[in-house]
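Colleague: Take this sequence and fold it.
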Amino acid sequence: MATMARANSGPAYPERFYAAASYAGFDGSPNSNTKDIASRFSNDVALILYALYQQATVGPCNVPKPSSWSPVEHSKWKSWQQLGNMVSTEAMRLFVKILEEEEPGWYSRASNSVSEPVIDVQMNHNSNVEPIIENTNSFVETKIISAENGGLMETEDKDVVSEGLGSIVVYDKWISPPVIGQHPKARYQHGAAVFQDKMYIYGGNHNGRYLNDLHVLDLRSWTWSKVEAKVVPKSVESPSPVNIAPCAGHSLIPWENKLLSIAGHTKVPSETIQVKAFDLQTGTWSVLSTYGKAPVSRAGQSVTLVGTTLVIFGGQDAKRTLLNDLHILNLETMTWNEIDAVGAPPSPRADHAAAIHAERYLLVFGGGSHATCFNDLHVFDLQAMEWSRPTQQGEIPTPRAGHASVTVGENWFIVGGGDNKSGALETVVLNMSTLAWSVVASVEGRVPLASEGLSLVVGSFNGEDMLISFGGYNGHYNNEVNVLKPSHKSTLQSKMMEARVPDSVSAIHNVTNPTRDLESEFEVGHEGKIREIVMDNIDTGHQKFEGEETTERIIATLKVEKEELESSLNKEKLQSLQLKQELAEAKVQNSDLHKVDVAEQRQKLQTMETLQKELELLQRQKAASQQAALNAKQRQGSGGVWGWLAGSPPQNADNI
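Modeller: Predicted coordinates:
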């Protein structure tokens, strides 16, 4: 498969589009010479170029369907109508991409200037490393044979042997391993994920057309094969028949025994983000039901797995509106939640990169808007729900969008991307503990690694990590695989200290508890900034753990760390003992208080019983007194004063 390397990419948009349109035969009027265009390109390419030109210069297709029977006019109208509401800038960009795919040297011929130094390079399937001579400067590209003065120049790299992953015996160098089998169609903006030593590729964009095919690369045999996926019929999990529409700009996440495809643009966009699942055991697709308020549909977002949740940030919706919102999808309950964050968020963007550090900090780098690309770094604290802008160390990478990234330990590798003028040639790494940037490797010319919309995953071979890239667009749609073995490891022996923390307090989150706030690498200050963290070494903060350190130094460092950990453990034990003593004292006090309280209650109860008895006695005495008084009154009523007055003597008069 031939690729092209160009030294100069020409003007930016929209000038580049108008130059491309003029070169292709579009003179700016609706009645461009379609016969000339059709003679230069295939029917499919000519139709899509026509449609993109109309979309870029006129806008969405609002003209009625041709009434007269004309296959050509009907095909042109249908091709334009299928672009929907695609914005003008996107149509311009796709027009130029397709033209460069068909005629890579168009710009040098159109400009009638000095020809650009274009070098044809032929990709083959052996493990030779061939030098390409350009402007008398020699650089090394893997598995490349270049034409120079009509002859082939071949130089074998002794470090590379054609044995799959075993061929990678050097660090920090991109190589293209020998891959066999049915290669996927070239594409970009696809999804990629690794599951059990297999890399899966799903969907993407080719010549402006969305794809929905699924391919797998066995990382042990380096063999491609296409997965003939099935669709789940109507069921409880999928209440309606599933239509797995082609998509691009989505994210592919491995979860349990499934591959989750999140978001992405489709020809007929949905209102909200869809979550599709491919079951790796049954080989079937399904659309998962979610709960809560789902985010608006989008593409170019970042999706980051944090524990059992997915964190979704930014992207571009179906109307090409850029976003900077944050959402969380709980994969156990399949429930959406929107994050109400504080602090200044990143500006709306798409095609950025994101990574998680210490299961707490979401890092966002780069991305693009309609007018510019970014190289800013933002951090979102998932516990404090707060955005901040940290101070970066080292040489900050150039602005870019469409790049890909993976993490290995605390190292965040970023590959590819571009700024609409040129591709990013450097593979860079950010130490997420020290926030220090460094360059891992660099490529030359227009190669797949300097592409936008490529994918990057991490695999392993013989216990070592491997970065694996696929696809992308750099003037050509690519379907090549490249591999790099990084020398950057997870530097567990390094001791990260906050600048104002005493030396006795270790901040090695990988050795102790990663969730303790006192030992976090980042702390949010009063100004919303992340305090700088320095390495407890003589290095600038991004020291590599390679074979340079002697065994004695490593042992000495580990001994110091062990002593500090033992000291911290003793302090913890002492605090625990003090807490136990305080708890015992509290129990004793509580018991005494309980005894006193019981005695008081008993005394009150006895007093109440005595008072009750006295009350009953008084009530009986009162009743007896009332009865005696009543009897006396009755005796008086039977004679008494009124009897004397009536001349009736009392009953006991005889006894007087």
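Colleague: pretty sure Y200 is touching D213, no?
Modeller: No: the criterion here is CB atoms under 8 Å, and Y200 misses it with D213 at 11.0 Å. Every C-beta, even on glycine, is put in place using the N, C-alpha and C of the backbone.
Colleague: The helix or strand harbouring A46 packs against which elements?
Modeller: Secondary structure assigned from DSSP states H and E places A46 in helix 43-57. Helices and strands touching helix 43-57, by 3 or more CB pairs under 8 Å, 6 or more residues apart in numbering; DSSP states H and E, are helix 15-24, helix 34-40, helix 71-81, helix 88-102.
Colleague: okay, the ones you listed in TSV with mean neighbour count, mean pLDDT and distance to Q182 next?
Modeller: Formatted as TSV, these follow (neighbours: other CB atoms under 10 Å; pLDDT from 0 to 100; distance: least, CB to CB, whole Å):
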stretch	mean neighbour count	mean pLDDT	distance to Q182
helix 15-24	19	86	32
helix 34-40	14	68	30
helix 71-81	16	86	29
helix 88-102	21	85	21
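Colleague: will you turn these into a markdown table that also has distance to T282?
Modeller: Output for the helices and strands packed on helix 43-57, formatted as a markdown table (distance: least, CB to CB, whole Å):
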| stretch | distance to T282 |
| --- | --- |
| helix 15-24 | 46 |
| helix 34-40 | 46 |
| helix 71-81 | 37 |
| helix 88-102 | 36 |
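Colleague: circling back to that earlier point, neighbour-wise, which of Y200 and D213 wins?
Modeller: Y200 (20 against 17; other CB atoms under 10 Å).
Colleague: circling back to that earlier point, would you indicate which residues of the helix holding A46 are buried?
Modeller: 45-57 (16 or more other CB atoms under 10 Å).
Colleague: of all these, which comes closest to R298?
Modeller: Distances from R298 to the buried residues of helix 43-57, taken as CB to CB, are shortest for Q55 (20.6 Å).
Colleague: Can you tell me how far the closest one is from F95?
Modeller: Note on Q55: its distance to F95, by CB to CB, to the nearest Å, is 9 Å.
Colleague: Also D381?
Modeller: 43 Å.
Colleague: count of neighbours near G418?
Modeller: Neighbours of G418 (other CB under 10 Å): 26.
Colleague: is it true that it touches E426?
Modeller: No: assessed by CB under 8 Å, G418 is found out of contact with E426, at 12.0 Å.
Colleague: what is in contact with these two at once?
Modeller: Common contacts of G418 and E426 (CB atoms under 8 Å, 6 or more residues apart in numbering): none found.
Colleague: for the helix or strand hosting A354, packing partners?
Modeller: Assigned by DSSP H and E, A354 falls within strand 353-357. With contacts taken as 3+ CB pairs under 8 Å, 6+ apart, strand 353-357 sits against strand 302-306, strand 309-316, strand 361-368, strand 404-408, strand 411-415.
Colleague: Which secondary structure elements does the third one sit against?
Modeller: So that's strand 361-368. By 3+ CB pairs under 8 Å, 6+ apart, strand 361-368 packs against strand 302-306, strand 309-316, strand 353-357, strand 373-381, strand 411-415.
Colleague: Check the secondary structure at R446 for me.
Modeller: Taken by DSSP: H, G, I helix; E, B strand; the rest coil, the conformation at R446 corresponds to coil.
Colleague: Against D351, how distant is it?
Modeller: 19 Å.
Colleague: Neighbour count for those two, which is higher?
Modeller: Legend: neighbour count by other CB under 10 Å for R446 and D351, higher for D351 (27 against 24).
Colleague: so the more buried one makes contact with E452?
Modeller: Yes: checked against CB under 8 Å, the pair D351 and E452 is within contact range at 7.3 Å.
Colleague: which residues are common contacts for those two?
Modeller: By CB under 8 Å, 6+ apart, the residues touching both D351 and E452 are A401, G402, H403, G417.
Colleague: By neighbours, which of those wins?
Modeller: G417 (31 neighbours).
Colleague: so how far is L454 from it?
Modeller: Distance of G417 to L454, given as CB to CB: 8 Å.
Colleague: where do the contact lists of those two overlap?
Modeller: What both G417 and L454 touch, as defined by CB under 8 Å, 6+ apart, is the set G402, A404.
Colleague: So V303 sits against S251, correct?
Modeller: Yes: counting by CB under 8 Å, V303 touches S251, with 3.7 Å between them.
Colleague: Residues that sit against both of these two, list them.
Modeller: With CB under 8 Å, 6+ apart as the test, V303 and S251 both reach I262, A263.
Colleague: by contact count, what packs against the helix or strand encompassing Q589?
Modeller: Counting by DSSP H and E, the element that carries Q589 is helix 551-637. Applying 3+ CB pairs under 8 Å, 6+ apart, one finds that helix 551-637 contacts no other helix or strand.
Colleague: which residues touch G423?
Modeller: Taking CB under 8 Å, 6+ apart, one finds G416, G417, R446, A450, S451, E452, N474 in contact with G423.
Colleague: Show me how this structure divides into domains.
Modeller: Using the TED database, the domain ranges for the chain come out as 14-107, 173-232+242-485, 575-614.
Colleague: Pick the most buried one from those domains.
Modeller: The highest average neighbour count among the domains of the chain, using mean count of other CB atoms under 10 Å, belongs to domain 173-232+242-485 at a mean of 20.
Colleague: I'd guessed A277 sits against G283; true?
Modeller: No: using CB under 8 Å as the test, A277 is too far from G283 to be in contact (12.0 Å).
Colleague: Out of the domains of the chain, which is closest to Q627?
Modeller: domain 575-614 (20.6 Å).
Colleague: What average pLDDT does the closest one get?
Modeller: When pLDDT is averaged over domain 575-614, the result is 75.
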